[in-house]
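Colleague: one predicted model, sequence on top.
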Amino acid sequence: MAISAKMVQELRAKTGAGIMDCKRALTESDGDMEQAVDALRKKGLAAAAKKSGRVTSEGVVASYIHGGGKLGVLVEINCETDFVARTEQFQQLVKDVSMHIAAANPLYLKRDAVPEDFLAKEREIYRAQFLDSGKPEKIVDKIVEGKIDKYLSEICLYEQAFVKDTEKTIEQLMTETIAQLGENLNIRRFVRFALGEGIEKKETDLAAEVAAQREALK
């Protein structure tokens with residue numbers, strides 16, 4: 001099948017890969033766009049894996065403010081060289097990740113950052129719920145682990161579905177960008193601020209404490 005320039009451009013827009021890589025992938029897949037996309041993504045995974053051990057000491061600390069100052073994000077994303085840090089594609093990645101954090105509200109970067117006592121508490125809650133429903137204990141344990149696995153994928157940034165393209169995770173977005181830029185990249189840390197977050201809870205706790213003190217004085 002003849003590979004047209006339009007097909008190459010379409011594949012490049014979908015993957016961000018180079019022109020020759022796109023043409024080669026389309027040729028090898030006999031013009032099948034989905035197969036070509038898969039081939040380029042697999043190639044990106046392999047390329048990213050080779051670069052994963054490289055030191056990332058450059059990059060940027062960026063801020064994103066949304067809703068007229070009601071929501072803000074600070075994120076540090078690292079790369080290997082200052083040259084890549086200044087590229088338009090890296091800057092777009094930083095913007096996309098910042099916007100994603102603002103929208104998706106991840107609690108942790110990766111699974112290994114989640115405290116064990118936090119997970120233990122979640123397991124206890126899930127377990128109590130399913131035991132109360134009358135399910136056998138062995139089945140409950142499997143269900144609980146499945147729930148925990150799903151919960152982790154929802155609260156860990158790298159595993160969340162990218163808000164601008166839910167077909168890929170943030171980890172896949174990073175992997176694809178690593179393959180395109182030719183450098184190792186790493187989201188090092190982030191923090192998300194929402195105006196007034198936690199104030200209502202503190203006021204409620206204080207009100208409860210005052211009520212308890214009044215009751216004790218009766």
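Modeller: Perfect, thanks for sending it.

Colleague: extract the C-alpha trace of the helix or strand hosting residue 128 and format it as PDB.
Modeller: In the assignment (DSSP states H and E), residue 128 maps to helix 116-132. In PDB, the C-alpha atoms belonging to helix 116-132 read as follows (Å, rounded to 0.1, in the frame of the first residue of the first chain):
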ATOM      1  CA  GLU A 116       1.500   1.700  54.600                       C
ATOM      2  CA  ASP A 117      -0.600   2.900  57.500                       C
ATOM      3  CA  PHE A 118      -2.800   4.800  55.100                       C
ATOM      4  CA  LEU A 119      -3.300   1.600  53.000                       C
ATOM      5  CA  ALA A 120      -3.900  -0.400  56.100                       C
ATOM      6  CA  LYS A 121      -6.700   1.900  57.100                       C
ATOM      7  CA  GLU A 122      -8.300   1.700  53.700                       C
ATOM      8  CA  ARG A 123      -8.100  -2.100  53.700                       C
ATOM      9  CA  GLU A 124      -9.800  -2.200  57.100                       C
ATOM     10  CA  ILE A 125     -12.600   0.000  55.800                       C
ATOM     11  CA  TYR A 126     -13.200  -2.100  52.700                       C
ATOM     12  CA  ARG A 127     -12.900  -5.300  54.600                       C
ATOM     13  CA  ALA A 128     -15.500  -4.300  57.100                       C
ATOM     14  CA  GLN A 129     -17.900  -3.200  54.300                       C
ATOM     15  CA  PHE A 130     -17.700  -6.600  52.500                       C
ATOM     16  CA  LEU A 131     -17.700  -8.800  55.600                       C
ATOM     17  CA  ASP A 132     -21.000  -7.000  56.700                       C
END
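
Colleague: show me what the helix or strand following it is in contact with.
Modeller: Proceeding N to C from helix 116-132, the next assigned helix or strand is helix 137-155, under DSSP H and E. For helix 137-155, contacts defined as CB atoms under 8 Å, 6 or more residues apart in numbering pick out 106-108, 111, 114, 119, 122-123, 126-127, 130-131, 135, 159-160. C-beta coordinates here come from the backbone N, C-alpha and C atoms, glycine included.

Colleague: please state the offset of helix 137-155 from the chain centre?
Modeller: 20 Å (CA atoms, centre = their mean, to the nearest Å).

Colleague: hmm, residue 74 is touching residue 191, no?
Modeller: Yes - under the criterion of CB atoms under 8 Å, residue 74 makes contact with residue 191 at 5.0 Å.

Colleague: re the thing from before, other SSEs contacting the helix holding residue 128?
Modeller: On a contact count with 3 or more CB pairs under 8 Å, 6 or more residues apart in numbering; DSSP states H and E, helix 116-132 meets helix 137-155.

Colleague: what does the average pLDDT come to for the helix it packs on?
Modeller: The average pLDDT within helix 137-155 is 88.

Colleague: for the following helix or strand past it, packing partners?
Modeller: Reading on from helix 137-155 to the C-terminus, the next helix or strand found by DSSP H and E is strand 161-162. Counting by 3+ CB pairs under 8 Å, 6+ apart, the packing neighbours recorded for strand 161-162 are strand 165-169, helix 170-181.

Colleague: highest average neighbour count across those?
Modeller: Ranked by mean neighbour count, the helices and strands packed on strand 161-162 are led by helix 170-181 with a mean of 21 (mean count of other CB atoms under 10 Å).
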